[in-house]
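1. With the sequence up front, the predicted model follows.
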Amino acid sequence: MNSLQSAHEKISSGQRLERDEILALYDENDLLYLAESARRVKEAKTGKKVFYTVNRHINLTNVCNANCPLCAFQCQSGDNRAFTLELADIAKILSLVPCPQSLSEIHIVSSLHPAKDFAYYLDAVKLVKKILPHVGINAFTPVEIVNFSKISGKTVAEVLHDLIDAGVTSLAGGGAEILSDRVREIICPKKCSASQWLEVMRTAHGLGLRTNASIMYGHVETVAERVDHLLKLRALQDDTGGFQAMMLFPFHPANTELGKRFNLRRVGSWEDLKMLALTRLTLDNFAHVKAFWIMLTLPIAQLALSFGADDLDGTLGEEKIIHAAGAAGSSITRGALTKLISETGYTPVERDSFYREAI
Ligand code: SF4
């Protein structure tokens, strides 16, 4: 039996797929077969429910000296695009949130500011917690955590303890890109290594913090490197069980050095949906796979619900990082999100950071 035949057999009997089988499914390129298979896995896990949350993104600063070639968000201090929120700015942003009682999550990710100390980030979290004590704070990627460790002289575990004490309730899943040091050397050489990213997540899970995970595809990586990335996440999840959801980010090349250097174009919707279905089939130990609408566009995110996704993320409100690379739209109303879900025949379910359903 070849790898493709064994992949088909395993999918029909609900067994775990191995590396050569996932690659064979990718090469077979049967999108509708993948969709139907992934949709069955999704429905076995979460039935007809599709989750969303009422959240708000806050990017504290875009000043960064990491100069990742993949990034359109960063700028240098003094640049006319540069911004850094101080506590008064954060308080003002939160005072403008309509219906703050209906908000269930604040999502905070930023750049690696060369002059801000760890206390700046802790104070920002404490302020959010003070103003909105009822919300979950999903904040900081492992890339930021490693930076906090560097600038504070604390261990990763100490940094995470401090963040939990300040009010962080879960860790963001970004910065994974492709967990291959060959790829990271090209796309983000100053970010933490693949093993550091995984180690931060392992430590966070050990401290009881739930986190998300992600993949950024469609640049200089090979398909085998994408699959190996998924297998690393699956192996860590086997050990810790601490990942809640997987997010897929197609690379947006606009305004990036990486895009220019390799003359990259954003991958098409076929690739987005194929990756989504393959991810749902590979990560058998992840409860949720998100169709992150701001990355995919709303029409493709809606279609993704038939390719194994069970979560459309949230209302966002002024996301800036993905926007800088050309993504359209920065927020959506709860009504528009629930309508998109209902049109597919699924049931919209509002959730909090921990997938507890709103009453
Ligand atoms: S991806 Fe993050 S760390 Fe890299 S340059 Fe952009 S903001 Fe800085």
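-> All right, it came through fine. Residues are numbered from 1 along each chain as shown.
2. As a check, name the ranges of all helices in the stretch 1-150 of the chain.
-> All helices of the stretch 1-150 of the chain, identified by DSSP state H, counting those that start in this stretch, fall at 3-13, 19-28, 31-46, 87-95, 118-131, 142-152.
3. Return the set of buried residues in the longest one.
-> Of the residues in helix 31-46, those buried under the neighbour-count criterion (16 or more other C-beta atoms under 10 Å) are Leu34, Ala35, Ser37, Ala38, Arg39, Arg40, Val41, Lys42, Lys45, Thr46. Just so you know, the C-beta spots here come from the backbone N, C-alpha and C atoms, and that holds for glycine as well.
4. Identify the residues contacting it?
-> The set of residues external to helix 31-46 that reach it, using C-beta atoms under 8 Å, 6 or more residues apart in numbering, is 11, 14, 25, 270, 273-274, 276-278, 280-281, 284, 287-289, 306-310.
5. Which ones among those residues lie within strands?
-> Judged by DSSP state E, the subset of the contacts of helix 31-46 located in strands is His288, Val289.
6. show me where the stretch 151-300 of the chain has strands.
-> 170-171, 210-217, 243-250, 288-290 (DSSP state E, counting those that start in this stretch).
7. Leaving aside the residues adjacent along the chain, what's closest to Tyr157?
-> Wrong residue type there; residue 157 is Ala, not Tyr. Take Ala157 and drop its neighbours on the chain: the residue closest to it by C-beta to C-beta, 6 or more residues apart in numbering is Thr203, 5.4 Å away.
8. for the one you found, what are its contacts?
-> Remark: with contacts taken as C-beta under 8 Å, 6+ apart, Thr203 is in contact with Val156, Ala157, Leu160.
9. re earlier: for the helices of the stretch 1-150 of the chain, which one sits closest to the ligand?
-> When these are ranked by proximity to the ligand, the top entry is helix 142-152, at 5.9 Å, counting by C-beta to the nearest ligand atom.
10. For the closest one, list every residue counted as buried.
-> For helix 142-152, the buried set under the neighbour-count rule, 16+ other C-beta under 10 Å, comprises Pro142, Val143, Glu144, Ile145, Val146, Asn147, Phe148, Ser149, Ile151, Ser152.
11. pLDDT and distance to Ser102 for those - can I get that in JSON lines?
-> Putting those into JSON lines (pLDDT from 0 to 100; distance: C-beta to C-beta, whole Å) gives the following:
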{"residue": "Pro142", "pLDDT": "98", "distance to Ser102": "30"}
{"residue": "Val143", "pLDDT": "98", "distance to Ser102": "31"}
{"residue": "Glu144", "pLDDT": "97", "distance to Ser102": "28"}
{"residue": "Ile145", "pLDDT": "98", "distance to Ser102": "30"}
{"residue": "Val146", "pLDDT": "98", "distance to Ser102": "34"}
{"residue": "Asn147", "pLDDT": "97", "distance to Ser102": "33"}
{"residue": "Phe148", "pLDDT": "98", "distance to Ser102": "31"}
{"residue": "Ser149", "pLDDT": "98", "distance to Ser102": "35"}
{"residue": "Ile151", "pLDDT": "97", "distance to Ser102": "36"}
{"residue": "Ser152", "pLDDT": "98", "distance to Ser102": "35"}
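12. Quick one: buried ones out of the contacts of Thr203?
-> Neighbour-count burial within those applies to Val156, Leu160; the criterion is 16+ other C-beta under 10 Å.
13. which of the contacts of Thr203 lies closest to Gln244?
-> Leu160 (16.5 Å; C-beta to C-beta).
14. Using CSV, write down the CA coordinates of stretch 173-185.
-> Extracted in CSV, the C-alpha atoms of stretch 173-185 (Å, rounded to 0.1, in the frame of the first residue of the first chain):
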residue,chain,number,x,y,z
GLY,A,173,0.1,32.0,19.1
GLY,A,174,1.9,34.2,16.6
GLY,A,175,5.6,34.4,15.7
ALA,A,176,5.8,30.6,14.9
GLU,A,177,6.0,31.4,11.2
ILE,A,178,7.6,28.2,10.0
LEU,A,179,9.4,26.3,12.8
SER,A,180,12.5,25.6,10.8
ASP,A,181,15.7,27.5,11.5
ARG,A,182,16.6,27.4,7.8
VAL,A,183,13.4,29.3,7.0
ARG,A,184,13.7,31.6,10.0
GLU,A,185,17.2,32.6,9.0
